[in-house]
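# Below is the sequence, then the predicted model.
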There are 2 protein chains.
Amino acid sequence: MTTKNVNPNVSVDCVVFGFDNERLKVLLIEQKLSDKEKVQLALPGDLIIDDEGLDEAANRVLFEISGLSGIFLQQYRAFGDPDRVSDIKDLDWLKSYRSNPQARVITVAYMALVKMEDFSPEASSFAERVFWQDIEETPQLAFDHNKILFEALERLRDDFVNYKTGFELLPEKFTLGHIQRLYETILGKDLDKRNFRKKILKEKLVSPTNQKQTGVLHKPAVLYKLNHEKV
Amino acid sequence: MTTKNVNPNVSVDCVVFGFDNERLKVLLIEQKLSDKEKVQLALPGDLIIDDEGLDEAANRVLFEISGLSGIFLQQYRAFGDPDRVSDIKDLDWLKSYRSNPQARVITVAYMALVKMEDFSPEASSFAERVFWQDIEETPQLAFDHNKILFEALERLRDDFVNYKTGFELLPEKFTLGHIQRLYETILGKDLDKRNFRKKILKEKLVSPTNQKQTGVLHKPAVLYKLNHEKV
DNA sequence: CAAACTTAGTGTAAATTTTACACTTGCGAA
DNA sequence: TTCGCAAGTGTAAAATTTACACTAAGTTTG
């Protein structure tokens, strides 16, 4: 009880889901361990700085690592097992301004969902490589990042079950089929076409334009747009 | 970018809701500032220790401050505005083992719901007083604790809307009226008696016993019990 | 140019869930 | 014995959810 504590390092980790009208992906980085030559995959994340809030830190870190900005990151929980980052001394990626390189790392996890076409991640600072990874084929990640990712996905699906979010991922003009594929992708299951359309149209969040798809190898669909005042 | 950071203090705060078959309360503590004579009200919380996990820390801290243990605490988010605890230097309650008394404090918030009759909080360590405060009359709290409490309440209600939680708050034998009052208390609104009973009974989480209430000044109600295999 | 392929688009009936609503019952207290 | 109080009970209407199959309109292929 009178032990002198060393304050923990505090980091933020960002689980950025990307949708490409087809598959759900997650933004990963490849980082190199300092002395050994091993590389490992991880979620973008880094230590916070003294005078910034957590939300602010998440946005900064994501930008510094991947070049992405303007993304709405939602915090969903903190992870703080004392040994969740055990081989911390081996790591290059804890930046030079850390004050206690030997101390544990507590991380605050953030989640976002974006359309991939709007964002082209570019590796910078200590990341060797930044890329979109298909969610169905997630590899082994560093530390407890697989767990952090899994919980983010659970939260993402929770947010989708009420059918009121996710439209922001669609292009300006989109078809009802696009929305349905979005929902099927996120929820990981098939939905009945007629029932889905009924439900979406009842919400009145989208309206038809007088345009149709072109250049598709099937009957062209009516294009819809968002009712911005409602979203 | 090359600034030497001071690692933040990390604390846990516990929002323990208590139900007394009547009202919803929250566990608060009264603590004294060091030099001045002012006292302030706050949620039970304290810094974490090096080698403990966050969940572990929450349980320890709650026990040390209030004597309560065996409570299921659920983490719901971290709060980390850089100036959320601005007058930290004035505070006695940051224990002696803190390493950076001048640094910011990031807190990880936990929530629990218990039946008050099972727990008799007793002030210990640095708390002057520990008590149950009616949720409808929450006073001004220290730091951002009003915000932390508000978000806990939102989360609590979210957990209740699916009608599948909260039974653990009831005595061993209880009436349907008790459950309804519990739900009305948590949700903060009245529910239709007949519809509520229909719904609860359909869930099949409770079964009637062959006993009835005694000593009540009205028609005695049938007592129910939990179907433990389902809860 | 006909056939094949692909997704768009559409309606209904049954089942389930939700909502609104009012009176009688049994106990203790006065 | 009457009064106050919460227990206990049923139904109809409305809303929501679910299951289900064919035609339409383009493009590509042979």
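Looks like it came in fine. Numbering: from 1, shown residues only, chains lettered A, B, ... in the order given.
# What residues does chain A have near DNA strand C?
Counting by Cβ under 7 Å from any atom of the strand, chain A comes close to DNA strand C at A:175-177, A:193-195, A:197-198, A:212, A:216-222. Every residue, glycine included, has its C-beta placed from N, CA and C.
# What about DNA strand D: which of those residues touch it?
Near DNA strand D, by the rule Cβ under 7 Å from any atom of the strand, you find A:193-195, A:198, A:216-220 out of the residues of chain A next to DNA strand C.
# Now go through these and say which are in helices.
A:193-195, A:198 (DSSP state H).
# returning to what we had before: can I get the ones next to DNA strand D among the residues of chain A next to DNA strand C in a markdown table including pLDDT and neighbour count?
As requested, those are exported to a markdown table (pLDDT from 0 to 100; neighbours: other Cβ atoms under 10 Å in any protein chain shown):
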| residue | pLDDT | neighbour count |
| --- | --- | --- |
| A:K193 | 97 | 11 |
| A:R194 | 97 | 8 |
| A:N195 | 97 | 9 |
| A:K198 | 95 | 10 |
| A:V216 | 90 | 10 |
| A:L217 | 90 | 4 |
| A:H218 | 93 | 6 |
| A:K219 | 94 | 7 |
| A:P220 | 95 | 12 |
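# out of the residues of chain A next to DNA strand C, which one sits closest to A:V26?
Closest approach between the residues of chain A next to DNA strand C and A:V26, by Cβ to Cβ: A:G177, at 24.1 Å.
# Phi first, then psi, for that closest one.
phi -60, psi -40 (degrees, to the nearest 10).
# what residues are up against it?
A:G177 makes contact with A:A221, according to Cβ atoms under 8 Å, 6 or more residues apart in numbering or on different chains.
# mind running it again at 10 Å?
By Cβ atoms under 10 Å, 6 or more residues apart in numbering or on different chains, the contact set of A:G177 is A:21, A:193, A:196-197, A:213, A:221.
# Pull up the per-residue confidence for it.
On pLDDT, A:G177 comes in at 94.
# How much space separates it from A:V105?
With distances taken as Cβ to Cβ, to the nearest Å, A:G177 is found 44 Å from A:V105.
# Just among the contacts of A:G177, which is most surrounded?
Using other Cβ atoms under 10 Å in any protein chain shown as the neighbour criterion, A:F196 leads these with 18 neighbours.
# Report the secondary structure state of the nearest residue to that one once chain neighbours are set aside.
Excluding the flanking residues, the one nearest A:F196 by Cβ to Cβ, 6 or more residues apart in numbering or on different chains is A:Q180, at 5.2 Å. Here A:Q180 is recorded as helix under DSSP: H, G, I helix; E, B strand; the rest coil.
# my guess is A:Q180 contacts A:I200, does it?
Yes. Counting by Cβ atoms under 10 Å, A:Q180 touches A:I200, with 8.0 Å between them.
# ok, A:E117 - how many residues close by?
Quick note: A:E117 (other Cβ under 10 Å) scores 12 neighbours.
# Nearest spatial neighbour of it, chain-adjacent residues omitted?
Closest to A:E117 by Cβ to Cβ, 6+ apart is A:D20, at 6.8 Å.
# can you check A:R60 too?
Nearest to A:R60 is A:E52, by Cβ to Cβ, 6+ apart, at 6.7 Å.
# what does A:Y163 give?
Closest to A:Y163 by Cβ to Cβ, 6+ apart is A:K199, at 6.2 Å.
# Equivalent analysis for A:K38, please.
Nearest one to A:K38, counting by Cβ to Cβ, 6+ apart, is A:K32 at 7.5 Å.
# give me the low-pLDDT residue ranges for chain A?
Applying pLDDT under 70 to chain A flags residues A:1-5, A:33-37, A:87-101, A:125-127, A:229-231.
# Minimum distance to DNA strand D, which residue of chain A gives it?
A:K219 (3.0 Å; Cβ to the nearest atom of the strand).
# can you give me the strands in chain A?
A:9-19, A:24-32, A:39-42, A:45-47, A:74-79, A:105-115, A:129-134, A:206-212, A:222-226 (DSSP state E).
# what's the offset of the third one from the middle of its chain?
Yep, that's strand A:39-42 we're talking about. Between the centre of strand A:39-42 and the centre of its chain there are 17 Å (Cα atoms, centre = their mean, to the nearest Å).
# Can you show me the CA trace of stretch A:138-152 as PDB?
Taking Å, rounded to 0.1, in the frame of the first residue of the first chain, the C-alpha atoms of stretch A:138-152 are listed here in PDB:
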ATOM      1  CA  THR A 138      -7.700 -11.300 -39.700                       C
ATOM      2  CA  PRO A 139      -4.200 -12.500 -38.900                       C
ATOM      3  CA  GLN A 140      -2.600 -12.900 -35.600                       C
ATOM      4  CA  LEU A 141      -2.000  -9.400 -34.200                       C
ATOM      5  CA  ALA A 142       0.300  -8.000 -31.600                       C
ATOM      6  CA  PHE A 143      -0.500  -8.000 -27.900                       C
ATOM      7  CA  ASP A 144      -4.200  -8.200 -27.200                       C
ATOM      8  CA  HIS A 145      -5.200  -6.500 -30.400                       C
ATOM      9  CA  ASN A 146      -7.200  -9.400 -31.700                       C
ATOM     10  CA  LYS A 147      -9.400  -9.100 -28.600                       C
ATOM     11  CA  ILE A 148      -9.600  -5.300 -29.000                       C
ATOM     12  CA  LEU A 149     -10.700  -5.800 -32.600                       C
ATOM     13  CA  PHE A 150     -13.200  -8.500 -31.700                       C
ATOM     14  CA  GLU A 151     -14.900  -6.300 -29.200                       C
ATOM     15  CA  ALA A 152     -15.000  -3.400 -31.700                       C
END
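# That stretch near chain B at all?
No. Stretch A:138-152 lies apart from chain B when judged by Cβ under 10 Å from any Cβ of the partner chain; the minimum separation is 11.1 Å.
# got a list of contacts for that stretch?
Applying Cβ under 10 Å, 6+ apart, the set of residues contacting stretch A:138-152 is A:13-17, A:25-26, A:28-29, A:31, A:33, A:39-43, A:45, A:74, A:76-77, A:79, A:81, A:83-88, A:91, A:93, A:105, A:107, A:109-113, A:133, A:135, A:153.
# try stretch A:214-231
For stretch A:214-231, contacts defined as Cβ under 10 Å, 6+ apart pick out A:164-165, A:167-168, A:170-179, A:200-201, A:203-213.
# can you check stretch A:182-200 too?
Residues contacting stretch A:182-200 (Cβ under 10 Å, 6+ apart): A:17, A:19-25, A:113, A:115, A:135-136, A:153, A:156-157, A:159-161, A:163, A:165-167, A:169-170, A:174, A:176-177, A:179-181, A:206, A:224.
# Quick check: end-to-end length of it?
13 Å (Cα to Cα, to the nearest Å).
# Give the buried residues for stretch A:144-154.
By neighbour count on 16 or more other Cβ atoms under 10 Å in any protein chain shown, the buried set for stretch A:144-154 is A:144-145, A:148-149, A:151-153.
# on that earlier part again, adding distance to A:F63, write the ones in helices among the ones next to DNA strand D among the residues of chain A next to DNA strand C out as CSV.
Shown next, in CSV, are those (distance: Cβ to Cβ, whole Å):
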residue, distance to A:F63
A:K193, 39
A:R194, 43
A:N195, 41
A:K198, 41
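# Which residues are in contact with A:G70?
Per Cβ under 10 Å, 6+ apart, neighbours of A:G70: A:59, A:63, A:114, A:118-119.
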